[in-house]
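Novice: A structural model of the following input is requested.
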Amino acid sequence: MPTNFDEIIDRRGTASIKYDFAAERGYPSGVLPFWVADMDFRAPAPILDALTRRTAHGIFGYTQVKDDYFVVLRHWFKTRHNWDVARRELVITPGVVFAIATAVRAFTEPGDAVLIQQPVYYPFANVIRDNGRTLVDNPLRLENGRYEIDFADFEQKVIENNVKLFILCSPHNPVGRVWQRTELARLADICLRRRVLVVADEIHEEFVRPGFTHTPFAALSPQAAAITVTCTSPSKTFNLAGLQISNIFIKNDELRSRFRTERGKTGYDEPNTLGLTAAHAAYEHGAPWLTELLAYIETNYEYTKAYLAQYLPQIKIVEPEGTYLLWLDFRAYGLSDKALNDKIVHEANLWLDDGPIFGTGGSGFQRINIACPRATLERGLEQLVQAFR
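Specialist: Numbering: from 1, shown residues only. This next block holds a predicted model:
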């Protein structure tokens, strides 16, 4: 049976960060949330069935990955991304941000420079600073409505700051770029020549709009793979973030050993039993549901684009190539970031992600999550119109 993505499911009272913690985070209790990147859709039926069978067993002891899990994982990446991974490359972590923080500690020393490309997912900056490393920014350039990489600045920053590690966001959150193979190859060339390791956050890899293709950074060449830590997870794809499981691939034996050692220092050993169950079912049986989901999100995007063009043409959408997050440009209103955010929160009664938290280039922007039932999206856009008209 086709999935009913129009079904509105009440998430309040489930300890949902998205819905149940507005007051604790300084927002009105009744605010309509479109901020954090999880979806308002149930996970696919095969995942729910697998979890039901596993919970019926009733024993949730320590768990490890068996070969059958890797078999479905390898098939997924090979068929969807033409990327072949080996069993020995896999390291399980409870999340991608956990993995990025682990890589920062494993491959750099306090004070070392780590490069990111802002505006970008804000935990990148947090894990760099919180671990006592130096943040270096290679700002993305917005040109004719599309974000581009400044490659000359990238290499100059690497040289001037003796950058040891580069955290790549691919596809990019929040600006929605799906980097072309040629762009990634230019980054790889610089990193190889300048001896920079790459942590590739590819968690949004399945959310690619028609006409675009995600290229895993490690799939560029054996040389690129040898300097790359690839971070993947079913959490975004199948809405499983709370089950805390991510699949990290490291081809280079030395880097993988150092990563595992650093992971061991945290005390993390066995993965979440139910997370592993859900991930296995997702990669083995989730593809048909994902096809439906991508089509639904595409219609939500087209609806949002047409609605804003008709009723709020001053708000410009940066045309997305991937993710289910839209980067909205409010700069035409001439408001300060505080005034803009206050207007959205207190007049539109909406909770979006405020652009400045993504760093350089975020001023005047807001990020909105459109992975929700159409009626929820319509309500949010109507409230936006009421505030700005």
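
Novice: Distance from the strand ranked longest in the chain to the middle of the chain?
Specialist: Identified as the longest strand of the chain according to DSSP state E is strand 163-169. Taking CA atoms, centre = their mean, to the nearest Å, one finds strand 163-169 lying 16 Å from the centre of the chain it belongs to.

Novice: what's it packed up against?
Specialist: With contacts defined as 3 or more CB pairs under 8 Å, 6 or more residues apart in numbering; DSSP states H and E, the packing partners of strand 163-169 are helix 96-107, strand 113-116, helix 123-130, helix 181-194, strand 197-201. Just so you know, the C-beta spots here come from the backbone N, C-alpha and C atoms, and that holds for glycine as well.

Novice: mind running it again at 7 Å?
Specialist: With contacts defined as 3 or more CB pairs under 7 Å, 6 or more residues apart in numbering; DSSP states H and E, the packing partners of strand 163-169 are helix 96-107, strand 113-116, strand 197-201.

Novice: So what are the sheet partners of the second one and their directions?
Specialist: Okay, so that is strand 113-116. strand 134-137 (parallel), strand 163-169 (parallel) (DSSP bridges).

Novice: if I look at the closest residue to F238 other than its chain neighbours, how far off is R80?
Specialist: In this structure, F238 finds its nearest non-sequential neighbour in A282, 4.5 Å apart by CB to CB, 6 or more residues apart in numbering. Distance of A282 to R80, given as CB to CB, to the nearest Å: 12 Å.

Novice: for L187, same thing?
Specialist: Relative to R80, and taking CB to CB, L187 is found at 22 Å.

Novice: between those two, who's got more neighbours?
Specialist: Neighbour count, other CB atoms under 10 Å: between L187 and R80, L187 has more, with 25 against 15.

Novice: check contacts around G30.
Specialist: N349 (CB atoms under 7 Å, 6 or more residues apart in numbering).

Novice: ok so, going back, burial of the residue nearest to F238, as a residue count?
Specialist: A282: 28 neighbours (other CB under 10 Å).

Novice: Please look at it and L48 and confirm they touch.
Specialist: No. With contact defined as CB atoms under 7 Å, A282 does not count as touching L48 (10.8 Å).

Novice: how many neighbours does the closest residue to E319 other than its chain neighbours have?
Specialist: Once flanking residues are discounted, E319 sits nearest to G145: 6.2 Å by CB to CB, 6+ apart. G145 has 10 neighbours, counted by other CB under 10 Å.

Novice: what's the pLDDT at G145?
Specialist: If you check G145, the pLDDT there is 95.

Novice: hey, which helix is longest across the protein?
Specialist: helix 287-311 (DSSP state H).

Novice: Show me what the helix or strand following that one is packed up against.
Specialist: Sequence order places strand 316-317 as the next helix or strand after helix 287-311, per DSSP states H and E. Counting contacts by 3+ CB pairs under 7 Å, 6+ apart, strand 316-317 packs against strand 325-329.

Novice: now the strand it packs on: mean pLDDT?
Specialist: 98.

Novice: how many degrees apart are that strand and helix 287-311 in direction?
Specialist: On the basis of axes from the mean of the first three to the mean of the last three CA atoms, to 10 degrees, strand 325-329 is oriented at 20 degrees to helix 287-311.

Novice: Could you export the helix or strand just after strand 325-329 as CSV, CA atoms only?
Specialist: On the C-terminal side of strand 325-329, the closest following helix or strand by DSSP H and E is helix 337-342. Provided in CSV are the C-alpha atoms of helix 337-342 (Å, rounded to 0.1, in the frame of the first residue of the first chain):
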residue,chain,number,x,y,z
ASP,A,337,18.7,39.3,12.4
LYS,A,338,17.1,39.8,15.8
ALA,A,339,14.1,41.7,14.4
LEU,A,340,13.7,39.1,11.6
ASN,A,341,13.8,36.2,14.1
ASP,A,342,11.4,37.9,16.5
